[in-house]
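S.K.: Need a 3D model of the following:
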Amino acid sequence: MKKRKNYWGYASAIAVTPYLIIKIAWTFGFFMPTEQMGDSSWRIANAVTMVLALVGILLALAFNMKWGEKLPAWLVALPVWIGTGLLVPMVLLAPILGPAAMMRDQQIGSADVWIVEQVLVMISLVGVGICLPFAVAGYVRKRWPEAMIGPLQMESLPGNSQYLQISIARLVATGCVLLGIIKIYWSAGGTIGINPSLADNRDLWWHLLSLSTGVWAFAGAWGVLVLATRRGTKNFYPPMAAAWVSSGMLFSFNLFNQLSSSRPDAQPILESSLAHVVTTELGSVLGVMMGFVILMVIQDRRRAISREKVT
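M.R.: Numbering: from 1, shown residues only. As a prediction, this is how the structure comes out:
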């Protein structure tokens, strides 16, 4: 039987190419829309994202190549985890945030070339955000089917880690619910935990990103509890997808914020010190802990599937 090609991998590589080209140009000082982008901190940030885009292209191509099936699991899972965590939530926000960013930058006097570059960047991010999950799904279904398909409930073999999974999942879910409440409260205009002198600096970007983080935190709480307890749905994929994207988003969003805050034109932190730590640093910890639960669940499923094949 002829194997089906994973064309979503090729589509992902094509989609991210304009982003890579723009980041290469900015890193080496070409076609910069503002003088500030010539600063060393901006150059470093662009160089980092340029490397990430190149890794993304190579990984997307690996999904269609035989050598891609021989890559170490961590070399595939880690960048995919971070990439989907950043891109999938942004796809839902891009139709609003993209035009808003262009209007804001026009008002502060950015060069005309910036509009073209922003359009290309937005096309790349939305394109790879749509194509990458399908590319990953096809690759994972072929290489690690236990992480994608089958019922939620499987035979519990001796030596399984379900009790540990449930304990960690409950702790993570509690933290995610707390984070979700705070973020949704802020997105609705709440000011507790916000520096009073900077409250007027909250813009559409800030409110929508707060809302997105809150929603995905709640989704992760549901997903990780369902995965650990094996209750709540019959199909394994929905809670797995929710927990995977949520954990990647909670972890990578903090890294993205730190990278953005290194720029000379970065906005000051709007939250109080304690609120900022709770909603960023703690969010990263919750994302990592959720990732550990996912790994333990997949390991138990792999053992159960191997047992079924033997019997």
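
S.K.: Please make it C-alpha for all contacts and neighbour counts, starting now.
M.R.: OK.

S.K.: which residue is nearest the centroid of the protein?
M.R.: Nearest to the mean C-alpha position of the chain, counting by Cα atoms, centre = their mean, stands residue 85 at 1.1 Å.

S.K.: Please identify which helix or strand holds that one.
M.R.: Assigned by DSSP states H and E, residue 85 falls within helix 73-107.

S.K.: buried ones in that helix?
M.R.: Going by neighbour count (16 or more other Cα atoms under 10 Å), the buried part of helix 73-107 is 76, 79-91, 93-94, 97-98, 101-102, 105.

S.K.: returning to what we had before: got the contact list for the residue nearest to the centre of the chain?
M.R.: Residues counted as contacts of residue 85 (Cα atoms under 8 Å, 6 or more residues apart in numbering) are 244-253.

S.K.: hmm, 6 Å instead?
M.R.: Neighbour list for residue 85: 245, 248-249 [criterion: Cα atoms under 6 Å, 6 or more residues apart in numbering].

S.K.: for residue 156, helix, strand, or coil?
M.R.: Recorded secondary structure, residue 156: coil (DSSP: H, G, I helix; E, B strand; the rest coil).

S.K.: Tell me the spacing between it and residue 71.
M.R.: Distance, residue 156 to residue 71, using Cα to Cα, to the nearest Å: 29 Å.

S.K.: In which helix or strand does residue 225 reside?
M.R.: Of the helices and strands defined by DSSP H and E, residue 225 is found in helix 204-229.

S.K.: And that helix, how far out from the chain middle?
M.R.: Remark: helix 204-229 is offset 12 Å from the chain centroid, using Cα atoms, centre = their mean, to the nearest Å.

S.K.: Mind listing what's buried along that helix?
M.R.: 207-229.

S.K.: quick one: average confidence on that helix?
M.R.: Averaged across helix 204-229, the pLDDT comes to 92.

S.K.: Check stretch 53-70 too.
M.R.: pLDDT averaged over stretch 53-70 gives 87.

S.K.: and if you look at stretch 11-29?
M.R.: Averaging pLDDT along stretch 11-29 gives 89.

S.K.: Identify the residues contacting that stretch?
M.R.: Here stretch 11-29 makes contact (Cα under 6 Å, 6+ apart) with 43, 46-47, 50, 53, 57, 60, 121, 124, 127-128, 131-132.

S.K.: Taking those residues, tell me the two that lie furthest apart.
M.R.: Across the contacts of stretch 11-29, the longest distance by Cα to Cα is 28.2 Å; it joins 43 and 131.

S.K.: Neighbour count: these two, which is higher?
M.R.: Set side by side, residue 43 and residue 131 show more neighbours around residue 131, with 22 against 19, by other Cα atoms under 10 Å.

S.K.: tell me which element that one falls in.
M.R.: Using DSSP H and E, residue 131 sits in helix 113-143.

S.K.: Measure how that helix sits relative to helix 73-107, angle-wise.
M.R.: Here helix 113-143 points in a direction 160 degrees away from that of helix 73-107 (axes from the mean of the first three to the mean of the last three Cα atoms, to 10 degrees).

S.K.: Thanks a lot, catch you later.
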